[in-house]
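> The following block contains a protein sequence and its predicted model.
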Amino acid sequence: MADYSKMYRLLRMLTLMQQGDAGNAVQLAQQLNVADRTVYRDIATLAELGVPCYFDEDANGYRVRRDFFLPPVQLTSGETLALLCLAERVGGNEQIALTGAAARAVEKIKAQLPPAVVDELGDVHQHVDVHLPASGPAGESIRDVFGLVQQAIRQRRALRCRYESLNSDTNNDPFLLRPYHLVFDQRAWYVIGHHEGRGEVRRLKLNRFSAIKPTDTPYMIPDDFSLADYRGKAWRMIRGDQTYQVRIAFNADVADTVSDTHWHPTQAIDYHDDGSITFHCEVDGLDEIVWWILGYGPHARVHEPAELAERVGELVKATAEQYGPAVTKGAALSKERGK
């Protein structure tokens, strides 16, 4: 870890306090790679400089009073372009909680930009677009749930909740939730935390909460909790109980499309002379990857595991049966034209 100069260390400490990530003196010392006594001296220095830092007993960490801000930073045209594009193009539609506020913040930043940066930037930001997969609108109910979960994580206070599961066999009684992490994944916001009713860590979609209320029940996020470990080698979000070695052949028609994207951390690709590829990966569970494969239709063929090949085949057959005689007739016409 880097050996920070005192000035840089003080700025880093101040940033951690403002973000709520400083922790107590021991944790702060570990993050800055200094002794505990150095942290105490630095906190005293910040206080002498007029920075209103204090120890929050409830959060067990050092913080800075919310009405304190550092002087405005000097942005380059490239940094400004990035902020404008992300906030205006992504945040402006307010489909994702937080981005609407980011868009409004950027409007304030634009008003304070130096003339030189404005001149250098020109109108290029109007000619750059960012398109993300469609997601549900972040209405007031979603923003309310998001805010309450965010507050619960910050204050380490559990939530009393009621959740409408899509599974009709699931008990929808109220339960106590100890949230660990908020994550935007696959077009929607989720909270990951300990579900007292289930007695385990669960992933819950924010728009399915029918009731949510703060409590005074304290909790701690386990030191060994990691979002990466929780996700494991899931194809997207849902981690299965079994790990599979997957091998799929893609023909030349879609080989470039498949190989141009980093689909999974474990993926590897073999390239063949005829333009086709063989895609390899290791996944926990098959429920998600099966739908990805089906999206490529006749251009993909599963070689292993056999269980995955069988599931894809069954779904293809069921899809064809949805169209019944029309599929049979279409196949016959294609065969006739080919003569």
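Received it, and whenever you're ready, just let me know what you need.
> Run through the strands of the stretch 51-200 of the chain in chain order.
Ranges of strands in the stretch 51-200 of the chain, per DSSP state E, counting those that start in this stretch, are 53-56, 61-64, 157-163, 175-185, 188-195, 200-205.
> Partner strands of the last one, with direction?
Okay, so that is strand 200-205. Using DSSP bridges, strand 200-205 pairs in its sheet with strand 188-195 (antiparallel).
> so how far is the strand it pairs with off the chain centroid?
Here strand 188-195 is found 11 Å from its chain centre; the criterion is Cα atoms, centre = their mean, to the nearest Å.
> Output the below-cut-off pLDDT ranges for the stretch 201-339 of the chain.
Applying pLDDT under 70 to the stretch 201-339 of the chain picks out residues 325-339.
> longest helix anywhere in this structure?
Among the segments of the chain that qualify as a helix by DSSP state H, the longest is helix 306-323.
> that older thread, nearest to C281, out of the strands of the stretch 51-200 of the chain?
strand 175-185 (18.5 Å; Cβ to Cβ). Heads up, the C-betas are built off the backbone N, CA and C, glycines and all.
> Can you give the distance of stretch 110-127 from its chain's centre?
Stretch 110-127 has its average C-alpha position 30 Å from the chain's average C-alpha position, going by Cα atoms, centre = their mean.
> so where do the helices sit in this protein?
Taking DSSP H as the criterion, the chain carries its helices at 6-19, 25-32, 36-48, 77-84, 99-111, 115-121, 140-155, 227-231, 252-259, 289-294, 306-323, 325-337.
> could you dump these to a markdown table with distance to A211 and mean neighbour count?
As requested, the helices of the chain are exported to a markdown table (distance: least, Cβ to Cβ, whole Å; neighbours: other Cβ atoms under 10 Å):
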| stretch | distance to A211 | mean neighbour count |
| --- | --- | --- |
| helix 6-19 | 30 | 16 |
| helix 25-32 | 34 | 17 |
| helix 36-48 | 41 | 15 |
| helix 77-84 | 37 | 16 |
| helix 99-111 | 24 | 15 |
| helix 115-121 | 46 | 12 |
| helix 140-155 | 10 | 17 |
| helix 227-231 | 25 | 12 |
| helix 252-259 | 43 | 15 |
| helix 289-294 | 32 | 18 |
| helix 306-323 | 37 | 13 |
| helix 325-337 | 47 | 10 |
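> Pipe the ones you listed into TSV and attach distance to L166 per row.
Listed next are the helices of the chain as TSV, based on distance: least, Cβ to Cβ, whole Å:
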stretch	distance to L166
helix 6-19	35
helix 25-32	39
helix 36-48	48
helix 77-84	38
helix 99-111	26
helix 115-121	46
helix 140-155	17
helix 227-231	21
helix 252-259	30
helix 289-294	16
helix 306-323	20
helix 325-337	30
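> Identify whichever of those helices lies nearest to G193.
Using Cβ to Cβ, the helices of the chain put helix 140-155 closest to G193, at 8.3 Å.
> how about the strands of the stretch 51-200 of the chain in TSV, adding distance to Y296 and mean neighbour count?
Output for the strands of the stretch 51-200 of the chain, formatted as TSV (distance: least, Cβ to Cβ, whole Å; neighbours: other Cβ under 10 Å):
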stretch	distance to Y296	mean neighbour count
strand 53-56	52	15
strand 61-64	49	20
strand 157-163	35	20
strand 175-185	22	18
strand 188-195	24	21
strand 200-205	27	16
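> Ok, which of those strands comes nearest V258?
V258 lies closest, by Cβ to Cβ, to one member of the strands of the stretch 51-200 of the chain: strand 175-185, at 21.7 Å.
> what are the pairing partners of the closest one, and which direction each?
strand 157-163 (antiparallel), strand 188-195 (antiparallel).
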